[in-house]
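1. Got a predicted structure here, sequence first:
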6 protein chains.
Amino acid sequence: MTYVTRREHFSAGHRLHNPDWDEERNRAVFGKCNNPTGHGHNYYLEVTVAGDIDPETGYVVDLKELKEVILEHVIRKVDHRNLNTDVDFLRGVNPTAENIAAGIWKQLVDRIPQGRLHQVRLYETEKNIVDYRGDV
Amino acid sequence: MTYVTRREHFSAGHRLHNPDWDEERNRAVFGKCNNPTGHGHNYYLEVTVAGDIDPETGYVVDLKELKEVILEHVIRKVDHRNLNTDVDFLRGVNPTAENIAAGIWKQLVDRIPQGRLHQVRLYETEKNIVDYRGDV
Amino acid sequence: MTYVTRREHFSAGHRLHNPDWDEERNRAVFGKCNNPTGHGHNYYLEVTVAGDIDPETGYVVDLKELKEVILEHVIRKVDHRNLNTDVDFLRGVNPTAENIAAGIWKQLVDRIPQGRLHQVRLYETEKNIVDYRGDV
Amino acid sequence: MTYVTRREHFSAGHRLHNPDWDEERNRAVFGKCNNPTGHGHNYYLEVTVAGDIDPETGYVVDLKELKEVILEHVIRKVDHRNLNTDVDFLRGVNPTAENIAAGIWKQLVDRIPQGRLHQVRLYETEKNIVDYRGDV
Amino acid sequence: MTYVTRREHFSAGHRLHNPDWDEERNRAVFGKCNNPTGHGHNYYLEVTVAGDIDPETGYVVDLKELKEVILEHVIRKVDHRNLNTDVDFLRGVNPTAENIAAGIWKQLVDRIPQGRLHQVRLYETEKNIVDYRGDV
Amino acid sequence: MTYVTRREHFSAGHRLHNPDWDEERNRAVFGKCNNPTGHGHNYYLEVTVAGDIDPETGYVVDLKELKEVILEHVIRKVDHRNLNTDVDFLRGVNPTAENIAAGIWKQLVDRIPQGRLHQVRLYETEKNIVDYRGDV
């Protein structure tokens, strides 16, 4: 098994907030991430595909094709957007790094050109990182 | 002349917008940075102080003190905030990287514990960088 | 299973030395790392917690809480210290990156606020990296 | 199980090309990577060894020894070389990142001084990364 | 004076060689960089523009426009190319980092949309860096 | 004028301490950097040489030669050493980043193979950086 990873980048705004809770509990749990006017991040996304090396191409997956899939189905929808309000695949979701990574997984899992999706890694900052590998 | 630099970090949201223009012109000039619901960045800030090396301490400036000044007068006010609405020293300013850097310069220029402020560098992303050295 | 990682930093001094060996063997095995007056590093620590995403918070673990645990039980004890002499949880241990990572694991394994400790990664330099996952 | 990683660097030239295909198909599949006069990269190589921590040394593997093995059997052969024509262990191989990583694995797997080879990671750029773990 | 920098990336092949010298002298001066089959690098390019902050836009220069100029007049011509043979603005030039930076300066100096070109920085590797500021 | 920079690395131990002061004042001024058993850092050193591009070689300075000078006169003396006790060119000096950079400048200023020494930059950590340009 060989693993191939493509790294992409997007900048987005968000606010952590659970609408089922009152303001006090939201502030207690999410702290400064609950700031009502929002804040944002430069997110780095690493998409890893697992598979065998194709003897004809020497590729597990053509990274040019994988890049196009990521750009069309993820980056175009989240870059320079507000993750609470602007993104179809995050509608109704509290945009923690965990939930964003899970949403990106669902966007990509059936669209990998060759091999199979192994992991979505999301850097919210260089200190906060999430790895999502599906819910099986 | 010796130069000492302290690097700090903050995450914030912003929207580029000139209230004197109509929406069409704002979109034409600022493009996706004009998204009405905002977006955000992980900003890296590098504050450079110039001076002579103090023979007793071996310091141009005590970086522990410089750090405290930056945290109190800049980071505390901008981290996890919306730069269009939440920051006193950016009130009425279109928060481009240039204008944020100039605002940070004004916050710091009279508060440097030793030596004198030489430059404020702001990384909006790893690809977009501004150096501000005052308006003299 | 989802994995959440928090990255922290500390600077420390150390010397590689096995007190059961004579000086010649210590020098032969540890080379310049055996320098009697010591040397040091900027260590980067990445603590990874595995778990399910809590549907109420969207978190595997609250990284603010995880950060506090790491600061109190690891960073406060090792930052700007000598790892051979100053750190309770490394007493009697030759402070190789492997042994430091194992010591940090033991400090953290029973203190993870939610989920379970999956891995301690320690960068001694950007070229020398250790991953410790417990001794089961 | 503990994992120890050593990071090294080399610069090399290459051209992606399958000699069994005509020029048109090569251009269609490999795009700009098929440029007849070649191009090149700064490759970063991370070699990971798995094993137990030796109680006498505190090492899984002596990284000084591992470094020498990597320098002699990999870096010396690929640094400042053309990967299509100059490297014995890549002869007849289309030098995709996947195939280079597999070739490096074969160079190293029987030469690890202590523990066993776990993974060869190759960064072709900071956006294109391959992990190879053998073909078992 | 405010300075704005845009960072871009390209991968290219090259060989250091002075056609006025014999092979022996070329090897003596350029060492492994003279390898006849070439090698290559991931180059990082930082283009710095100096100017005043436009009070209407808050920009020294619109980085979206600067990026387009760099992509069209530099990156498109050098990315995935051989710098000895494929690039019009480097024809007849020994492609050292210094000469590449000077060539990029000439490509850009009259095409800056606002402000004036201040510096071209080129990272050949993370250890070898050139700053070119024109020949005045 | 063109500027060429070479980046090198060393790991070393140090303790900030002024022997003319009592322990209390040392602790008050230097804080945790005054820890009696010392600590240490991974230092990154960037040496910048200014000059004209030699039309025959395309070099301001041959970086292979500059590297050798830095390795022999700086890195060999400081790597895996204690900067308070082991380094001839830092004898009697309180090893702040400013003083180390000044010491390295004196080691290098008369040994630059071509061009002239322009700046010594020293990263003590990624957050604390010093630029030294001589005392003229």
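-> Great, that's in hand. Numbering: from 1, shown residues only, chains lettered A, B, ... in the order given.
2. rest of the way, CA atoms for contacts and neighbours
-> Will do.
3. Run a quick neighbour tally on residue A:42.
-> Number of residues near residue A:42 (other Cα atoms under 10 Å in any protein chain shown) recorded here: 26.
4. For it, give its distance to residue F:91.
-> For residue A:42, the distance to residue F:91 (Cα to Cα, to the nearest Å) stands at 45 Å.
5. now residue A:79
-> Distance of residue A:79 to residue F:91, computed by Cα to Cα: 54 Å.
6. out of the two, which sits in the busier spot?
-> A direct count of neighbours by other Cα under 10 Å for residue A:79 and residue F:91 places residue A:79 higher, at 22 against 13.
7. can you give me the helices for chain A?
-> A:23-30, A:63-70, A:76-78, A:97-108 (DSSP state H).
8. Any chance of TSV for those helices, columns mean pLDDT?
-> Rendered in TSV, the data for the helices of chain A read as follows (pLDDT from 0 to 100):
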stretch	mean pLDDT
helix A:23-30	98
helix A:63-70	98
helix A:76-78	98
helix A:97-108	98
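9. Out of those helices, which one sits most buried?
-> helix A:97-108 (a mean of 21; mean count of other Cα atoms under 10 Å in any protein chain shown).
10. Quick one: list the elements packing against it.
-> strand A:116-123, strand A:128-132 (3 or more Cα pairs under 8 Å, 6 or more residues apart in numbering or on different chains; DSSP states H and E).
11. just how off-centre is the first one within its chain?
-> Same thing as strand A:116-123. 8 Å (Cα atoms, centre = their mean, to the nearest Å).
12. Okay, angle between that strand and strand A:128-132 too, please.
-> Orientation of strand A:116-123 against strand A:128-132 (axes from the mean of the first three to the mean of the last three Cα atoms, to 10 degrees) gives an angle of 170 degrees.
13. Tell me if strand A:116-123 is near chain C.
-> No - judged by Cα under 8 Å from any Cα of the partner chain, strand A:116-123 and chain C are separated, with a smallest distance of 9.2 Å.
14. Can I get that strand as CSV, trimmed to CA atoms?
-> The C-alpha coordinates for strand A:116-123 follow below in CSV (Å, rounded to 0.1, in the frame of the first residue of the first chain):
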residue,chain,number,x,y,z
ARG,A,116,-9.3,5.2,-2.3
LEU,A,117,-9.5,8.2,0.1
HIS,A,118,-7.4,7.3,3.2
GLN,A,119,-7.3,10.5,5.2
VAL,A,120,-8.2,14.2,5.3
ARG,A,121,-5.9,16.3,7.4
LEU,A,122,-6.8,19.8,8.3
TYR,A,123,-4.5,22.4,9.9
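15. That one - what's its average pLDDT?
-> The pLDDT scores in strand A:116-123 average 98.
16. next one: the shortest one
-> Rounded to a whole number, the mean pLDDT of strand A:128-132 is 98.
17. And it, what does it pack against?
-> helix A:97-108, strand A:116-123, strand C:2-14.
18. pull the CA atoms of it into PDB?
-> Provided in PDB are the C-alpha atoms of strand A:128-132 (Å, rounded to 0.1, in the frame of the first residue of the first chain):
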ATOM      1  CA  ASN A 128      -4.300  22.700  15.900                       C
ATOM      2  CA  ILE A 129      -4.500  19.700  13.500                       C
ATOM      3  CA  VAL A 130      -7.200  17.200  12.800                       C
ATOM      4  CA  ASP A 131      -7.000  13.800  10.900                       C
ATOM      5  CA  TYR A 132     -10.300  12.300   9.700                       C
END
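19. So which of the helices and strands packed on helix A:97-108 is nearest residue D:132?
-> strand A:116-123 (13.9 Å; Cα to Cα).
20. what does chain A put close to chain C?
-> A:18, A:29, A:94-96, A:98-99, A:126-135.
21. Please repeat the previous calculation with a cut-off of 6 Å.
-> Contact residues (Cα under 6 Å from any Cα of the partner chain) of chain A with chain C: A:96, A:127, A:128, A:129, A:130, A:131, A:132.
22. I'd like the residues you listed written out as TSV, with neighbour count added.
-> Output for the residues of chain A next to chain C, formatted as TSV (neighbours: other Cα atoms under 10 Å in any protein chain shown):
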residue	neighbour count
A:96	23
A:127	15
A:128	16
A:129	24
A:130	26
A:131	23
A:132	26
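23. Can you tell me which of the residues you listed is nearest chain F?
-> If you rank the residues of chain A next to chain C by distance to chain F using Cα to the nearest Cα, residue A:127 comes first, at 14.0 Å.
24. how much space between the closest residue to the closest one other than its chain neighbours and chain F?
-> Distances taken as Cα to Cα, 6 or more residues apart in numbering or on different chains place residue C:7 nearest to residue A:127, at 4.5 Å, with adjacent residues excluded. From residue C:7 across to chain F, the span is 14 Å (Cα to the nearest Cα, to the nearest Å).
25. Nearest to chain F within chain A, name that residue for me.
-> Closest point on chain A to chain F, by Cα to the nearest Cα, is residue A:126, at 13.0 Å.
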